[in-house]
Structure formats: C-alpha cells, structure tokens
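> heads up, no residue letters with this:
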C-alpha cells in the first residue's frame, strides 16, 4: 500500500512561475524525502526533512513538513524548463519497519 | 565513481522464462534495494539487503529472488516470468538504511509477452 500520496497528479505552469506539490502520508514517520525523476531515468534525491524539522531549503527548493497534518509540500521557485519531471515523496515510517515507501508522484510540466 | 549501474537496459521475455537483472554499486554502500515502477503506482519495494549475506522481502516479493554475496552486487532473479512482471525495475543503494539518500540506477525496462 502507498504511504504517500502526492497532489496534484499533474501540474503545468509557465516558466518563471512557482510550482507547489503536496504529499500526504498515513502513519508517523522518521523522515520524508523528495525525489525527482526525469522521463526514462532513475530517481534523483532532492532533499530530506526529518520529523523534528518544519522547513528546509536547498537552492530553489523549499520543503515544509507538518507532522500534525501528516503532510509535506515541495515548492520550486522561479521554475525552469529543466524542472519538467515527476516528483515523488518517500517516507520512512516510524513503527520499527524502516522501509522507504514512495508516493505515486506529481508530473510537473514547465511551459517555456 | 560509476554510482549504481544496471544491466540490461531493456529486455523482452516470454512467459515462463527466467532471467537475472544485474545491479552493482561502487560507493561501498551497505544498503541496496530493488523497486518496480508501474504507471500510476509509484515505486514498490521488491527486496532489500542491509549488507552482504542479508536479504529481506519488501512489499511485492513474489516471483523474485535476490542474493547479496558481495557489498557491490545485488542481482534480482525472475524465476518464471509472467506478464504481470512487465515493469521498469530500479536498483538503489544508500550508506545505511532508508533514512539516508538513496542513489538510483538508470532502470531496466522489462516486457514479458
């Protein structure tokens, strides 16, 4: 079963705009990660946020985590055509089973 | 470093055939795992290993076997291919377990007819 669910499933924006994707999960977690997947390629790690952190930045990426709502958001500012990809959240559940569980992804398209 | 490598990139099998998907990493990572990716379902964990000689099942292990005789290699064996195993397979590794950044290979696209 999927621990994480991304929303929206697909998003199209103009280049230069900001893109926001959300991830909701079901159980308590140790940490949450975001990955990017370009078409036909493997996943690339973007950022990891721990359960005791509320916000984290990396370049044009901003991730927030609200453990009370069991949700996270990924904000990409000043989007570029190269940001076109699928984005996945992955959670490391906090119940002794530390397997990483991926969501179904958000397909982001940046329109030049 | 080559990172995580997977072979082959593409494979077509007939129902009932067996084959091995190869995965290797040169980062001395303890943790390795296999995922399959199907449309609309994200990635699902097949098997994983926390070190040489140790393997365990993930979410969808049926029809697959793994072994980990060395730190570097983690092959995935399909015992008797079925059309339901048509998918893209990704191998990943990390320094330790999932709390660390996972490094993914480029994937193997498998079609079973």
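Cool, the structure landed. All values derive from a computational prediction rather than experimental measurement.
> Please make it C-alpha for all contacts and neighbour counts, starting now.
Fine.
> Now for the residue in chain A positioned nearest to chain B: which residues touch it?
Scanning chain A for proximity to chain B using Cα to the nearest Cα identifies residue A:104 as nearest, at 4.0 Å. Residue A:104 sits next to A:2, A:4, A:5, A:6, A:9, A:88, B:40, B:41, B:42, B:43 when contact means Cα atoms under 8 Å, 6 or more residues apart in numbering or on different chains.
> Which pLDDT value goes with it?
Residue A:104 is assigned 89 on the pLDDT scale.
> Quick check: closest non-adjacent residue to it.
Closest residue to residue A:104 apart from its sequence neighbours, by Cα to Cα, 6 or more residues apart in numbering or on different chains: residue B:42 at 4.0 Å.
> For the closest residue to chain A within chain B, give its distance to residue B:35.
For chain B and chain A, the shortest gap (Cα to the nearest Cα) falls at residue B:42, measuring 4.0 Å. Note on residue B:42: its distance to residue B:35, by Cα to Cα, to the nearest Å, is 10 Å.
> the more surrounded of these two?
Taking other Cα atoms under 10 Å in any protein chain shown, residue B:42 and residue B:35 do not tie; residue B:35 has more neighbours (24 against 21).
> in terms of contact count, name the helices or strands touching the host helix or strand of the more buried one.
Assigned by DSSP states H and E, residue B:35 belongs to strand B:31-37. For strand B:31-37, the helices and strands in contact under the criterion 3 or more Cα pairs under 8 Å, 6 or more residues apart in numbering or on different chains; DSSP states H and E are strand B:43-51, strand B:87-94.
> by how many degrees do that strand and strand B:87-94 diverge?
With axes from the mean of the first three to the mean of the last three Cα atoms, to 10 degrees defining the directions, strand B:31-37 sits at 160 degrees from strand B:87-94.
> any idea of the angle strand B:31-37 forms with strand B:43-51?
Counting by the same axes, to 10 degrees, strand B:31-37 points 160 degrees away from the direction of strand B:43-51.
> Chain A contacts on chain B?
Contacts of chain B with chain A, taken as Cα under 8 Å from any Cα of the partner chain, map to B:40-45, B:58-59, B:90, B:97-99, B:101-107.
> how near is the residue in chain B sticking out farthest from the centre to residue B:75?
Counting by Cα atoms, centre = their mean, the extreme residue of chain B relative to its mean C-alpha position is residue B:113, 20.3 Å from that point. Residue B:113 sits 22 Å away from residue B:75, going by Cα to Cα.
> for residue A:87, same thing?
From residue A:87 to residue B:75 the distance is 27 Å (Cα to Cα).
> Could you do residue A:10 as well?
34 Å.
> quick one: which of those two has more around it?
Legend: neighbour count by other Cα under 10 Å for residue A:10 and residue B:75, higher for residue B:75 (20 against 14).
> Let me see the contact set for the residue nearest to the more buried one when sequence neighbours are not counted.
Excluding its sequence neighbours, the residue lying closest to residue B:75 (Cα to Cα, 6+ apart) is residue B:22, at 4.7 Å. Contact partners of residue B:22, counting by Cα under 8 Å, 6+ apart, are B:6, B:7, B:8, B:73, B:74, B:75, B:76.
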